[in-house]
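Engineer: what follows is a predicted protein model with its sequence.
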Amino acid sequence: MEIPYKKLAPDVLRAVIEEFVTREGTDYGEGNFSLDEKVAQVICQLDEKSIYLSYDSENLSCHLQKR
């Protein structure tokens, strides 16, 4: 199920994004980016609709997925 991310409280959205970008194995190429930069990149991708936030009711978890 897709979650309308703009309806989430800003601190909740940031927590979801931070959890995603700090997962082991997340690849950001050769560059070193701060946590704030990674969060900003994800928000930009959400705004561009190239990714979306989904909720898995079976696993009770949120995911960021490519469209």
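Structural biologist: Looks like it arrived, so ask away.
Engineer: now do the helices in this protein.
Structural biologist: Here the chain has its helices, by DSSP state H, at 10-21, 35-47.
Engineer: distance to Met1, mean pLDDT and mean neighbour count added to the ones you listed, as CSV?
Structural biologist: To be clear about C-beta, it is placed using only N, CA and C from the backbone, and glycine gets the same treatment. Output for the helices of the chain, formatted as CSV (distance: least, Cβ to Cβ, whole Å; pLDDT from 0 to 100; neighbours: other Cβ atoms under 10 Å):
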stretch, distance to Met1, mean pLDDT, mean neighbour count
helix 10-21, 14, 94, 15
helix 35-47, 16, 95, 14
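Engineer: among the ones you listed, which comes closest to Ser57?
Structural biologist: Distances from Ser57 to each of the helices of the chain were compared using Cβ to Cβ; the minimum, 15.7 Å, belongs to helix 10-21.
Engineer: now the helices of the chain as a markdown table including distance to His63?
Structural biologist: Listed next are these as a markdown table, based on distance: least, Cβ to Cβ, whole Å:
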| stretch | distance to His63 |
| --- | --- |
| helix 10-21 | 8 |
| helix 35-47 | 12 |
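Engineer: what's the span of stretch 46-62, first residue to last?
Structural biologist: For stretch 46-62, the first-to-last residue distance is 14 Å (Cα to Cα, to the nearest Å).
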